[in-house]
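Trainee: Give me coordinates for this.
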Amino acid sequence: MKRLILAVVCIGVIVGVTLYLNRQKTAPFSPAEPTAKAAPPRVPEDTQSVKAVAMQPTQPPPSATAADSTQAPLAPPVLSQAKPDNATNSSPFRQAIDILVSPQTSFQQRQAAWKQLRDSGELDQALATLKQGASNNPSSVEYSTALGEAYVYKLQTVRDFNEVAILALQADQSFNTALGLDPANWEAQFFKAASLSRWPPEMNKGPEVIQQLSNLIDQQDAMPSQPQFAQTYVLLGDQYQKTGQPDYAVQTWRLGLAKFPGNSTLSGRIAHR
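Mentor: Prediction:
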């Protein structure tokens, strides 16, 4: 009887243990009571950056040029402008002044420049520019001569006796400066005589003008012939005419025409005698 009871008790214990184990396997975990809470992994900052980059669309690495574009833009380079020569870069007025003071230009070119300045009404501006230039270039024969010519052309436009006298004196001083630098300068000698020829008769400059022009003709005879040399004969004949010596005037013009047969001014002077 004891053995029977003991067997029954053992069977009950086995059944109870089995039921208990089955219950433990099937029971779900409660969210409020997890069996073990693992601490969330800490993502370092560099790991986050890599992750963010990894999530972006794949693009080729930027070139060096593209990378530089993110920097502050550089100021655009200043392009040095090509400076054309005076024929295109300067105004007609500046070109005329440059011609007047250049030792490479011809007498005809300089007189054409004077005509341009007179026709455009820029004679006063030219006078001021040359006055400043002569002051800045005291050793320049060209500036002194051009300034003297400016006074001569200016005095031809005025009628006031006092103003003419002042301009004539200023012209003479400029030519004296030029001849002090180059005594053989033909243009300075010619225009000095031309300036003196316009002095009032009361100043009695006639004999001095005749002497200067006669000396200039002698100088011309020893030089290669130039078209402007004919003007010396024209001016000397005019001076003879002005001083009451018409025969000498005609003789001078004819002598000049023999040397410069194509000169219309000389032939015109003779034809009107």
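
Trainee: which stretches of this protein form strands?
Mentor: Taking DSSP state E as the criterion, the chain carries no strands.

Trainee: Quick check: which ranges of it have low pLDDT?
Mentor: Counting by pLDDT under 70, the ranges of the chain that qualify are 1-89.

Trainee: ranges for the helices of it?
Mentor: If you assign secondary structure with DSSP state H, the helices in the chain sit at 2-26, 45-55, 64-68, 86-89, 92-100, 107-119, 123-136, 141-155, 161-181, 186-196, 206-221, 230-242, 246-259, 264-271.

Trainee: okay if I get these as CSV plus mean neighbour count?
Mentor: For every residue, glycine as well, the C-beta is placed using N, CA and C. Written out in CSV, the entries for the helices of the chain read as follows (neighbours: other CB atoms under 10 Å):
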stretch, mean neighbour count
helix 2-26, 9
helix 45-55, 9
helix 64-68, 9
helix 86-89, 10
helix 92-100, 18
helix 107-119, 16
helix 123-136, 16
helix 141-155, 25
helix 161-181, 18
helix 186-196, 23
helix 206-221, 17
helix 230-242, 22
helix 246-259, 18
helix 264-271, 15
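
Trainee: what's the spacing between Asn204 and Lys242?
Mentor: Asn204 sits 12 Å away from Lys242 when distances are taken as CB to CB, to the nearest Å.

Trainee: How about the backbone phi and psi for Asn137?
Mentor: For Asn137, the backbone dihedrals (degrees, to the nearest 10) come out as phi -130, psi 70.

Trainee: what sits against it?
Mentor: Contacts for Asn137 (CB atoms under 8 Å, 6 or more residues apart in numbering) come out as Tyr143.

Trainee: Now do it against Leu127, distance only.
Mentor: Spatial separation of Asn137 from Leu127 under the definition CB to CB is 16 Å.

Trainee: swap in Leu147?
Mentor: Taking CB to CB as the measure, Leu147 falls 8 Å from Leu127.

Trainee: do the same with Gly180
Mentor: Separation of Gly180 from Leu127 (CB to CB) stands at 21 Å.

Trainee: Name the nearest residue to Gln173, sequence neighbours excluded.
Mentor: Of all residues beyond its chain neighbours, the one nearest Gln173 is Gly148 (8.0 Å), with distances taken as CB to CB, 6 or more residues apart in numbering.

Trainee: I'm done for today, thanks for sticking with me.
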